[in-house]
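Trainee: dropping the sequence and predicted coords here.
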Amino acid sequence: MKKVMSMLLAAALCAGVFAGCSGTDTASSAADAASQADASQADASQADSSEGEEGGAVNTELSGTVSTNGSTSMEEVMQGLIEYFNEEYPNITVTYDPTGSGTGIEQATAGSCDIGLSSRALKDEEKEAGLTETVVAKDGIAIVVNTENAVSELTVDQITKIATGEITNWSEVGGADEEIAFIGREAGSGTRGAFEELTGTEDACSYAQELTSTGAVRTAVSTTPGAIGYISLSSLDDSVKAIAVKVDDASEAVKCTEETVLDGSYAIQRPFVFATKSDAELSEAAQAFYDFATSEDAAQIYIDAGVVPASESAE
């Protein structure tokens, strides 16, 4: 009997030992699994921090501030560039001060901003003063009238004569007997500079109003019967009517669109320019923004803003 009891006791002890071993193995396996899960989650978090919304690399190491100053016509372009750039470089702050092309060029020359923004080509004297011109896009200058105006097309010559005050009534160009009010931008505006250069009206325009932004010109034309003005294609909307333009009486009138700017058939178009100092390197942050804005990855941003990327216009 004692022998039987001893055997039963030994069996019970063995069962306890095996159960303890099994529990230890289970706990160990669970701990290993938890450790692996934590490692996987850490890897996933690290991967998330290095990818943007569309899977692009995010650089959180580079930081700083980039100052841009100039053209009001480039506002929509700059807003798009800054938004998408910040997805890749969240620790870089890009500022945009829409002061007009003339001021942007002056600020870039003086080194008061990293990048000057101009909606016209740089003049030779501006390049000689130490600026480098980089064309980032091309923009059409739309000739716009009040939506009630029956005139739908004009030649460049007629536009020139309206701008200089030689033509003063719409009846002279096939419209109603109504006085013309020519509305444009203030001196120093890139849009004004480009319009006057392309139409040969430098220092000769007769303005009813000279306004400080593209939006202000659009609003004035939309609310003034008999008005005509010029605005950036990227700012064109249904509040005004865009006039098709002929180079001469024999040519076909061409509407201002992205396609006609790209193929060169629309006559009144100008570049969007980044102006930088020729003798000074950009900061790392400013160089990163410059590289992003001039890359093929940014092409859709320009298209969405209603202008033609320089990469496409060069093809």
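Mentor: Great, that's in hand.

Trainee: and stretch 172-184, which residues are buried?
Mentor: 173, 175, 180-184 (16 or more other C-beta atoms under 10 Å). For the C-beta atoms, the positions are set from N, CA and C on the backbone; glycine is no exception.

Trainee: report the two of the residues you listed separated the most.
Mentor: Greatest spacing in the buried residues of stretch 172-184, by C-beta to C-beta: G175 and G184 (19.3 Å).

Trainee: can you pull out the strands in the stretch 151-300 of the chain?
Mentor: 153-155, 181-185, 209-211, 227-232, 241-242, 244-246, 269-277 (DSSP state E, counting those that start in this stretch).

Trainee: tell me the helices in the chain, going along the chain?
Mentor: Applying DSSP state H to the chain gives helices spanning 2-49, 75-88, 101-110, 124-128, 156-164, 190-199, 214-223, 258-262, 284-293, 299-304, 310-313.

Trainee: quick check, distance from the last one to the centre of its chain.
Mentor: By that I understand helix 310-313. 14 Å (C-alpha atoms, centre = their mean, to the nearest Å).

Trainee: hang on, the earlier thing: please identify which of the strands of the stretch 151-300 of the chain is closest to D114.
Mentor: Short answer: strand 269-277, nearest of the strands of the stretch 151-300 of the chain by C-beta to C-beta, at 7.5 Å.

Trainee: as CSV, the buried residues of stretch 172-184 with pLDDT would be great.
Mentor: Shown next, in CSV, are the buried residues of stretch 172-184 (pLDDT from 0 to 100):
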residue, pLDDT
V173, 97
G175, 97
I180, 98
A181, 98
F182, 98
I183, 98
G184, 97
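
Trainee: for those, give me a markdown table that also has distance to F292.
Mentor: Converted to a markdown table, these look like this (distance: C-beta to C-beta, whole Å):
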| residue | distance to F292 |
| --- | --- |
| V173 | 45 |
| G175 | 46 |
| I180 | 44 |
| A181 | 42 |
| F182 | 39 |
| I183 | 36 |
| G184 | 33 |
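
Trainee: distance check, the residue nearest the centre of the chain against Y96.
Mentor: Taking C-alpha atoms, centre = their mean, the centroid of the chain lies closest to V77, which sits 2.1 Å from it. According to C-beta to C-beta, to the nearest Å, V77 and Y96 sit 10 Å apart.

Trainee: same thing with C205?
Mentor: From C205 to Y96 the distance is 28 Å (C-beta to C-beta).

Trainee: quick one, which of the two is more surrounded?
Mentor: Y96 (21 against 18; other C-beta atoms under 10 Å).

Trainee: next, count neighbours for the nearest residue in space to that one that is not next to it in sequence.
Mentor: Setting aside the residues directly before and after it, Y96 is nearest to M78 in space (C-beta to C-beta, 6 or more residues apart in numbering), at 4.6 Å. If you count neighbours by other C-beta under 10 Å, M78 ends up with 24.
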